[in-house]
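1. predicted model and sequence follow; I will ask about them next.
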Amino acid sequence: MSLKKSLMILLVTFSIIPFLISIIAYELLTHKSLILIICIVYIIIIAILANYLSNKFIEPIISLRDTMRTASNGNLEVKSSIRSKNELGELSKSFNKMMHIINRNYEDLTSLHNELLSNEEQLRSNYDHIEFLAYHDVLTGLPNKIAFTDYINGVLSSSNKVDKMHAIYFFDLDNFKTINDTLGHEYGDDLLIRTAQILQSIIDGKGLLARAGGDEFLLFYEDIKSVSEAVDLAAQIIKHFQEPIELNNDIVFMSMSIGIAIYPDNGLTPNALIKNSDIAMYKSKDTGKNKYTIFNSMMEEELNRHTLIIDILRSAIENNELYIRYQPLVDLQTNQIIGLEALARIDSEKLGPLSPSEFIPIAEESGLIVKISNWIIREACLFNKKLLDRGITSLVVSVNISSIHLNRPEFIKTISNILDETQLPPNLLELELTESTLVSSVMDAASLLSQLHKLGVKVSLDDFGTGYSSLNYLTRMPINTLKIDKSFIDNISYNDKDAYIANTIIQLAHRLNIKVVAEGVETKEQLELLRQQNCDMIQGHIISKPLLQEEIIDLIQQS
Ligand code: C2E
Ligand code: MG
Ligand code: MG
């Protein structure tokens with residue numbers, strides 16, 4: 001029943017019953033007791049009716065109030081259970097519907113909120129990762145150069161910096177490129193990781209280790225008491241790396257070249273210190289690797305000269321600063337000039353005359369040797385062809401070849417092209433290779449030499465006695481001539497042992513059908529002894545210093 005109807009009944013009941021009572025009371029005025037009874041009954045009825053109405057209307061209101069209170073306290077699952085068909089029932093139904101909508105929206109909002117939270121978490125972890133990448137090396141997990149520089153900057157800008165002393169180390173693995181080229185990049189990566197671990201274990205938290213890139217590492221050793229403390233750590237590292245390293249079930253030996261710069265003596269900023277430790281590291285490389293060097297200002301001057309020589313080499317051909325001197329080789333039986341060694345020279349506008357022992361290693365290191373060497377081979381062949389065409393003489397011209405050049409895949413093709421181009425008979429060209437060139441040959445040296453042999457080009461083994469003096473090469477490879485190094489020849493006239501060694505080399509080479517040249521012959525005594533020992537040819541100041549083309553022509557024509 002609707003609330004409106006119930007209230008109508010209540011009103012009607014309350015207005016009709018007093019009306020009826022007043023009529024009855026009027027009729028039965030003499031029976032007062034009856035009136036009393038009627039009144040009592042009326043009161044009872046009213047009480048029952050009031051109770052009924054209160055049950056019917058107030059309780060659902062209270063129940064609805066409690067349900068709403070529960071909902072307002074945050075329980076969105078709550079439902080009103082009023083089922084009556086009056087307005088309260090409708091109110092309950094609408095309340096439930098409203099709660100359902102609120103609940104659903106709340107769930108949507110909750111899931112949206114959770115999604116936002118997880119996105120935020122993802123963003124935060126992405127940000128952390130990006131930050132890690134910006135300041136770390138992915139391979140080794142070490143800080144990178146930026147983090148390293150930042151760290152030193154922080155230390156140097158802190159107070160009391162003037163009285164403090166720090167050491168910056170630059171590490172560069174020796175021959176890492178060869179390892180990468182021969183054993184593969186994955187192996188190289190593993191070796192870098194292992195090296196980082198070993199360095200960390202030696203440093204033992206004493207400094208900040210970083211990877212500068214490639215096979216280079218940096219160390220900041222903070223607050224040292226003396227330079228010798230810095231040196232001790234470097235010596236310890238070098239010693240540690242003398243032990244074999246276990247890597248992928250293999251045993252490898254790895255060494256490194258170290259450069260050290262000391263703050264504040266060798267620089268006041270991270271960049272200056274890193275640069276100077278790098279320069280010192282190069283000094284370690286140049287003077288035999290597997291060692292440490294402390295920076296000094298002379299090194300910077302050397303480096304500047306080195307950089308300038310690279311510049312000069314780059315355009316030496318175009319600037320006509322590169323030229324050749326030829327040193328004659330004389331046959332000891334006929335006393336005739338039978339060969340010429342082409343020796344490179346540079347006369348630079350900026351630095352004056354440069355010796356090949358200075359610029360050839362720089363040309364090799366910078367890769368410029370290939371261009372320079374090709375030019376020298378072509379020039380030497382052209383000159384020899386000119387001598388031949390003019391009927392002056394038929395000589396073998398020899399050119400020194402660096403290992404970098406020999407290892408170029410197109411090397412044989414280049415030689416063959418130059419011979420075609422210059423029309424020099426191949427047997428009038430000889431290539432001088434040293435043992436170290438053959439040892440460091442990544443290509444199969446024996447196969448390279450036999451290809452040259454097939455071309456008809458001669459091969460000589462230069463500076464014999466200074467390297468491994470391995471007899472292996474003489475038996476396994478097609479070598480025409482062996483050149484005994486000047487350092488052996490120097491003492492032969494007064495050191496019996498050297499004379500004996502020279503004699504043995506000559507005999508041995510002859511047994512193997514190899515001709516022998518003695519290099520750097522300066523005295524008559526040396527010459528006579530070599531003649532007695534049946535040496536085939538000599539080259540040295542006793543005959544002539546290296547000469548220019550015209551001077552060589554004059555010398556040949558005079559003899
Ligand atoms: P090398 O091939 O052993 O050349 C012989 C060196 O000994 C030359 O020095 C020559 O001038 C010097 N020499 C010859 N006889 C005597 C002597 O009686 N006394 C003294 N004191 N020295 C003598 P140079 O021209 O300074 O060349 C030095 C080295 O530079 C050469 O040694 C060679 O290894 C290298 N080199 C020169 N030119 C070239 C080149 O075009 N390419 C390459 N890859 N290396 C070259
Ligand atoms: Mg030579
Ligand atoms: Mg030599």
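-> That came through, no problem. Ligands and ions are numbered 1, 2, ... in the order given.
2. interface residues of the stretch 251-400 of the chain facing ligand 1?
-> Contact residues (CB under 6 Å from any ligand atom) of the stretch 251-400 of the chain with ligand 1: 327, 343, 344, 355, 356, 357, 360, 373, 376, 400. All C-beta atoms are positioned from the backbone trio N, CA, C, and that covers glycine.
3. now the buried members of the residues you listed.
-> Burial by neighbour count, 16 or more other CB atoms under 10 Å: within these this picks out 327, 343, 344, 360, 373, 376, 400.
4. tell me the mean pLDDT for the helix or strand encompassing the first one?
-> When you say that, I think you mean residue 327. Applying DSSP states H and E as the criterion places residue 327 in strand 322-331. Mean per-residue pLDDT for strand 322-331: 98.
5. check stretch 179-197 too.
-> Mean predicted lDDT for stretch 179-197 stands at 92.
6. what do you get for stretch 223-232?
-> Stretch 223-232 comes out at a mean pLDDT of 96.
7. give the buried residues for that stretch.
-> 224, 230, 231.
8. who's in contact with residue 78?
-> 67, 70, 71, 99 (CB atoms under 8 Å, 6 or more residues apart in numbering).
9. also residue 263?
-> 156, 164, 165, 166, 167, 168, 273 are the contacts of residue 263 under CB under 8 Å, 6+ apart.
10. in whichever strand or helix holds residue 277, what's buried?
-> Per DSSP H and E, residue 277 falls inside helix 270-286. Under the neighbour-count criterion of 16+ other CB under 10 Å, helix 270-286 has 270, 273-285 buried.
11. got it, and stretch 254-261?
-> Quick answer for stretch 254-261 (16+ other CB under 10 Å): 254, 256, 257, 258, 259, 260, 261.
12. put together a markdown table for those, with secondary structure on each row.
-> As requested, the buried residues of stretch 254-261 are arranged in a markdown table below (DSSP: H, G, I helix; E, B strand; the rest coil):
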| residue | secondary structure |
| --- | --- |
| 254 | coil |
| 256 | strand |
| 257 | strand |
| 258 | strand |
| 259 | strand |
| 260 | strand |
| 261 | strand |
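13. ligand 3: which of those is nearest?
-> Set against ligand 3, the nearest of the buried residues of stretch 254-261 by CB to the ion is residue 257 (27.3 Å).
14. how about the closest residue to that closest one other than its chain neighbours, what does it touch?
-> Nearest residue to residue 257 in three dimensions, chain neighbours excluded: residue 284, at 3.7 Å (CB to CB, 6 or more residues apart in numbering). By CB under 8 Å, 6+ apart, the contact set of residue 284 is 257, 258, 259, 291, 292, 293.
15. pLDDT score for residue 284?
-> 97.
16. also residue 140?
-> 96.
17. contact partners for it?
-> Counted by CB under 8 Å, 6+ apart, residue 140 has contacts 192, 193, 196, 211.
18. let me have the contacts of residue 263 in a markdown table, adding pLDDT and secondary structure as columns.
-> Formatted as a markdown table, the contacts of residue 263 follow (pLDDT from 0 to 100; DSSP: H, G, I helix; E, B strand; the rest coil):
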| residue | pLDDT | secondary structure |
| --- | --- | --- |
| 156 | 91 | helix |
| 164 | 91 | coil |
| 165 | 95 | coil |
| 166 | 96 | strand |
| 167 | 97 | strand |
| 168 | 98 | strand |
| 273 | 97 | helix |
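19. out of those, who's the most crowded?
-> Ranked by neighbour count (other CB atoms under 10 Å), the contacts of residue 263 have residue 168 at the top, with 29 neighbours.
20. quick check: buried residues in the longest strand seen in the chain?
-> Ordering each strand of the chain by length in residues (DSSP state E) puts strand 337-348 first. By neighbour count on 16+ other CB under 10 Å, the buried set for strand 337-348 is 337, 338, 339, 340, 341, 342, 343, 344, 345, 346, 348.
21. in a helix, residue 385, correct?
-> Yes. According to three-state DSSP, residue 385 belongs to a helix.
22. count of residues packed around it?
-> 17.
23. ok, it - contacts?
-> Counted by CB under 8 Å, 6+ apart, residue 385 has contacts 422, 423, 424.
24. read off the pLDDT value for the first one.
-> According to the prediction, residue 422 has pLDDT 98.
25. where does pLDDT dip in this protein?
-> 1-8, 10-15, 18-19, 22, 25-26, 28-32, 159-162, 441-443, 469 (pLDDT under 70).
26. now the residue nearest to the spatial centre of it: how far from residue 140?
-> What sits nearest the mean C-alpha location of the chain, by CA atoms, centre = their mean, is residue 214, with 2.4 Å. Distance, residue 214 to residue 140, by CB to CB, to the nearest Å: 12 Å.
27. among the buried residues of stretch 223-232, which one lies nearest to ligand 3?
-> The shortest approach to ligand 3 among these belongs to residue 231, at 37.4 Å (CB to the ion).
28. other SSEs contacting the helix or strand hosting residue 365?
-> Using DSSP H and E, residue 365 sits within helix 356-366. Other helices and strands packing on helix 356-366, by 3 or more CB pairs under 8 Å, 6 or more residues apart in numbering; DSSP states H and E, are helix 297-314, strand 337-348, helix 369-389.
29. please list the residues of this protein that sit near ligand 1.
-> Checking the chain against ligand 1 by CB under 6 Å from any ligand atom, the hits are 327, 343-344, 355-357, 360, 373, 376, 400-402, 432, 462-463, 486, 519-522, 539-541, 546.
30. sec struct for the residue nearest to residue 462 when sequence neighbours are not counted, please.
-> Closest residue to residue 462 apart from its sequence neighbours, by CB to CB, 6+ apart: residue 432 at 4.2 Å. Three-state call for residue 432 (three-state DSSP): strand.
31. can you pull up the bridge partners for residue 432?
-> residue 400, residue 460 (DSSP bridges).
32. that one touches residue 400, doesn't it?
-> Yes. Counting by CB atoms under 8 Å, residue 432 does reach residue 400; the two are 4.7 Å apart.
33. so what's in contact with these two at the same time?
-> Common neighbours of residue 432 and residue 400 (CB under 8 Å, 6+ apart) are 341, 462.
34. count the neighbours of the nearest residue to residue 358 once chain neighbours are set aside for me.
-> Spatial nearest neighbour of residue 358, chain neighbours left out: residue 309 (7.1 Å); criterion: CB to CB, 6+ apart. Applying other CB under 10 Å, we find 23 residues neighbouring residue 309.
35. repeat for the one 10 residues further on
-> For residue 319, the neighbour count with other CB under 10 Å is 13.
36. give me the number of residues near the residue nearest to it when sequence neighbours are not counted?
-> Excluding the flanking residues, the one nearest residue 319 by CB to CB, 6+ apart is residue 349, at 7.3 Å. Using other CB under 10 Å, residue 349 has 8 neighbouring residues.
37. then the one 5 residues further on?
-> Per other CB under 10 Å, the neighbour tally for residue 354 reads 23.
38. tell me the contacts of the closest residue to it other than its chain neighbours?
-> Distances taken as CB to CB, 6+ apart place residue 346 nearest to residue 354, at 4.3 Å, with adjacent residues excluded. Contacts for residue 346 (CB under 8 Å, 6+ apart) come out as 312, 313, 316, 321, 322, 323, 353, 354, 359.
39. do that again at 6 Å, thanks
-> Residues in contact with residue 346, defined by CB atoms under 6 Å, 6 or more residues apart in numbering, are 316, 321, 322, 354, 359.
40. give me the distance between it and residue 359.
-> Relative to residue 359, and taking CB to CB, residue 346 is found at 6 Å.
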